[in-house]
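Visitor: Give me a model of this one.
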Amino acid sequence: MRFPLHITTDSIRHQFRQSIKGRKRYPMVLMLEPLYTCNLACLGCSVERHTGKLKDRLPLEKCLQAVDEAGAPIMSICGGEPTIYPELKELITEAIDRKKHIYLCTNALLLDKRVFDKIEPHKRLTVNIHLDGLRATHDMVCDREGTFDTAIEMLREAKKRGYHVTTNSTIFKETDIDEIEELCDMLAEIGVDGMLIAPGYQYESVDRDIFLTKKDIHEKFKRVLELSRRFRLMSTPMYIEFTAGMRDYNCSPWSTVTYTPLGWKGPCYLIGKQYYDTFDEFWNGVDWGYWESRSDRACQNCMMHSGFETSAVFELKKSPRDMVRMAAWNFFG
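Guide: Just a heads-up that it's a prediction; the model follows:
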């Protein structure tokens, strides 16, 4: 299976329960950013996500309250760099006890010191390592030499120790897809459990011309679509066809909700128009219909998986052929 069985069954069960309650909008993924502290300042990252003070991190109880309030079956622990979070072991343990599946999104630089000897492998824990290309490209994006070699070393060690390991690669304007293909070859040889390839989103606070227009995304992701037939990519075939310009979807910003040291981020993981103190204020305060329409200027070049993977999955019921494709992709991919 492309995804562990419990992720698939938990996600289907969650959708079924929400459907019974008559809900058309509900979170599928919680993006939990327990801190805005990082050991890198990557070129494509928004300033607020790597300049925070450790003392301003979310308390453990606030993180767990967010897990309970969102109710999503899947959570990504990100930031900042989550391996810096002092309460990480307790957070992961409590989330597993709540039967959540956790993606620990990390640059991998501190895995040996903060994870390997403190947090045991578990079927509900995936270590998701950020890799934006081969050595020269990744080190350039991370703005530090040696980050690629350390990440690959930590990836190999994580696999050796029995962790479920995936990678996350962002495609920028200057990204060479031939290089991404080489990276996929390397990761497949190592035995990584899955690879996520997504188009970069232009944060307003990033003043660099490195991001993609919609036309750029379509051109580059036609090649990614080819790669998806050879490698264990985690994005659904329908979503990749969307990024390649072969389909069109409305956004589902409510499917991936984000909790940060500033509160609940609205309207979505990428756009922080407003931060809310409580989940109820956030959920009832965002104009979901407006943001679904993609009519806002900030949405024009966005095709991120956080907004559109759920749209692709929810549209499956309209096409028996796509449902069969999806099942084959997941169970036999």
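Visitor: Give the residue spans of the stretch 1-150 of the chain that score low on pLDDT.
Guide: 46, 48-50 (pLDDT under 70).
Visitor: any idea where the strands of it begin and end?
Guide: 29-32, 74-77, 101-106, 125-130 (DSSP state E, counting those that start in this stretch).
Visitor: quick one: strands adjacent to the last one?
Guide: Each strand that strand 125-130 pairs with, and the sense of that pairing, follows from DSSP bridges: strand 101-106 (parallel), strand 164-171 (parallel).
Visitor: Buried ones in it, by neighbour count?
Guide: Residues 125-130 are the ones in strand 125-130 that count as buried (16 or more other CB atoms under 10 Å). Quick note: C-beta positions are derived from backbone N, CA and C, even for glycine.
Visitor: what does it contact?
Guide: Residues outside strand 125-130 that contact it (CB atoms under 8 Å, 6 or more residues apart in numbering): 76, 92, 96, 101-108, 111, 115, 119, 151, 154-155, 158, 163-169, 193, 196.
Visitor: my read: residue 150 touches residue 108, true?
Guide: Yes - at 6.6 Å, residue 150 and residue 108 qualify as touching, with contact defined as CB atoms under 8 Å.
Visitor: okay, those two: which has more neighbours?
Guide: residue 108 (27 against 16; other CB atoms under 10 Å).
Visitor: could you list every residue that touches residue 35?
Guide: Residue 35 is in contact with 52, 54, 56-58, 79-82, 84-85, 261, counting by CB under 8 Å, 6+ apart.
Visitor: same deal with residue 199?
Guide: With contact set as CB under 8 Å, 6+ apart, residue 199 has these partners: 170-171, 212, 217, 220-221, 243, 303-304.
Visitor: With residue 234 instead?
Guide: Residues near residue 234 by CB under 8 Å, 6+ apart: 2-3, 166, 194-196.
Visitor: go with 10 Å
Guide: Contacts for residue 234 (CB atoms under 10 Å, 6 or more residues apart in numbering) come out as 2-3, 128, 166-168, 193-198, 228, 305, 309, 333.
Visitor: for residue 292, same thing?
Guide: Applying CB under 10 Å, 6+ apart, the residues contacting residue 292 are 25, 249-254, 267, 299, 307, 311.
Visitor: and those residues, which are buried?
Guide: The buried subset of the contacts of residue 292 - by 16+ other CB under 10 Å - is 249, 251-254, 267, 299, 307, 311.
Visitor: from those, which is closest to residue 20?
Guide: Among the buried ones among the contacts of residue 292, residue 254 lies closest to residue 20 (CB to CB), at 18.3 Å.
Visitor: Check whether that closest one really touches residue 284, as I assumed.
Guide: No - counting by CB atoms under 10 Å, residue 254 stays clear of residue 284, with 11.4 Å between them.
Visitor: Quick check: residue 220 is in a helix.
Guide: Yes - per DSSP: H, G, I helix; E, B strand; the rest coil, residue 220 lies within a helix segment.
Visitor: if I pick it, what's in contact with it?
Guide: 171-173, 175-177, 180, 197, 199, 212, 243-244.
Visitor: would you list those residues in CSV and tack on secondary structure?
Guide: CSV is the format used below for the contacts of residue 220 (three-state DSSP):
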residue, secondary structure
171, strand
172, coil
173, coil
175, coil
176, coil
177, helix
180, helix
197, strand
199, strand
212, coil
243, helix
244, coil
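Visitor: Could you turn the buried ones of those into a ChimeraX selection?
Guide: The ChimeraX selection below is limited to those of those classed as buried (16+ other CB under 10 Å):
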select :171,172,173,175,177,180,197,199,212,243,244
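Visitor: Reformat the contacts of residue 220 into TSV and put pLDDT and distance to residue 136 next to each item.
Guide: Output for the contacts of residue 220, formatted as TSV (pLDDT from 0 to 100; distance: CB to CB, whole Å):
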residue	pLDDT	distance to residue 136
171	90	16
172	85	14
173	82	17
175	88	12
176	92	11
177	95	16
180	96	14
197	95	19
199	90	21
212	76	20
243	96	25
244	96	27
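Visitor: sorry, back to before: would JSON lines of the buried residues of strand 125-130 with distance to residue 71 be doable?
Guide: Below are the buried residues of strand 125-130 laid out as JSON lines (distance: CB to CB, whole Å):
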{"residue": "125", "distance to residue 71": "20"}
{"residue": "126", "distance to residue 71": "20"}
{"residue": "127", "distance to residue 71": "24"}
{"residue": "128", "distance to residue 71": "22"}
{"residue": "129", "distance to residue 71": "27"}
{"residue": "130", "distance to residue 71": "27"}
